[in-house]
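Asker: just the structure for this:
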Amino acid sequence: MKKKRLLLVEDKPDIAELILYHLEKEHYEVVHAEDGEQALSLLKQQTFDLIVLDLMLPKMSGNMVLEKIKNDPLLKNIPVIIESARGDDADIILGLDLGAEDYVTKPFSPKVLLARIKKIFLRKESQDSSHFSFTMPQFSIDSSSREVRIDNKLIELTAIEFDLLLCLVANQGKVMSREKILQNVWMDEVYVIDRVVDVHINALRKKLGSISQWIETVRGIGYKFRPDK
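Answerer: Next up, the predicted model:
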């Protein structure tokens, strides 16, 4: 099987060395960029299966790099995992809104990053044999085509955002605890970051616009999808 090629964009040598060691140990082919400009240059010259992108970079912020990637037709489909300092929720939400697939918060265990990378590749490679669809005049979701439409307009979601929305819609009217959502969306992944569900829900609501209110917060428990709200 051909090795997956990853681009690591990280300016701290010690962190980069640690991540490189663990990724290469898992048989990934990894190219390292020290700043955003070098990363964008490499992306024009080579092909990559995934990008690990630090948000705090010299010369150009990680979110600026991410925006350029997602606005480039040739690069926008490459999944991106962003690294952020713990507690920088605003930067994380912006990154997810720009199209990042997932995130890890520093300091993190390399096992956390590896779990997230593996999960993204599993999502891309697996074919869901079951089919679920839900249609209303202003909203539809289809698991086979992995499409969400609002007022007949296609809404671009990351894989995790789609799976999260699908989980809520398929269980409409039921209160889904954060733990239950993690089991359904992140499946057997043990290494999850605090508030990961909340951060993705916030990013998802921003993309859903007029129907964002259909995702109801149940304080202290989790979330519920209520299309009649």
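
Asker: for the helix ranked longest in the chain, packing partners?
Answerer: Ranked by residue count and defined by DSSP state H, the top helix of the chain is helix 110-125. Secondary-structure packing of helix 110-125 (3 or more C-beta pairs under 8 Å, 6 or more residues apart in numbering; DSSP states H and E): helix 13-25, strand 50-54, strand 80-85, strand 102-106, helix 159-170. To be clear about C-beta, it is placed using only N, CA and C from the backbone, and glycine gets the same treatment.

Asker: in it, what's buried?
Answerer: 110, 112-117, 119-120, 123 (16 or more other C-beta atoms under 10 Å).

Asker: using the three-state scheme, assign K180.
Answerer: Following DSSP: H, G, I helix; E, B strand; the rest coil, we place K180 in the helix state.

Asker: contacts only, for it.
Answerer: G222 (C-beta atoms under 8 Å, 6 or more residues apart in numbering).

Asker: so how far is L66 from it?
Answerer: 30 Å (C-beta to C-beta, to the nearest Å).

Asker: export the strand or helix carrying H200 to CSV, keeping only CA atoms.
Answerer: In this structure, H200 sits in helix 196-208 according to DSSP states H and E. Only the C-alpha atoms of helix 196-208 are listed here, as CSV (Å, rounded to 0.1, in the frame of the first residue of the first chain):
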residue,chain,number,x,y,z
VAL,A,196,-14.6,18.9,21.3
VAL,A,197,-18.3,18.4,20.7
ASP,A,198,-19.2,21.9,21.8
VAL,A,199,-16.6,23.5,19.5
HIS,A,200,-17.8,21.5,16.5
ILE,A,201,-21.5,22.3,17.3
ASN,A,202,-20.6,26.0,17.3
ALA,A,203,-18.9,25.7,13.9
LEU,A,204,-21.8,23.7,12.5
ARG,A,205,-24.4,26.2,13.7
LYS,A,206,-22.6,29.0,11.9
LYS,A,207,-22.8,27.1,8.6
LEU,A,208,-26.5,26.1,9.1
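
Asker: next helix or strand past it?
Answerer: Next along from helix 196-208, by DSSP H and E: strand 215-218.

Asker: which strands or helices does that next one pack on?
Answerer: By 3+ C-beta pairs under 8 Å, 6+ apart, strand 215-218 packs against helix 196-208, strand 222-225.

Asker: make it 7 Å
Answerer: On a contact count with 3 or more C-beta pairs under 7 Å, 6 or more residues apart in numbering; DSSP states H and E, strand 215-218 meets strand 222-225.
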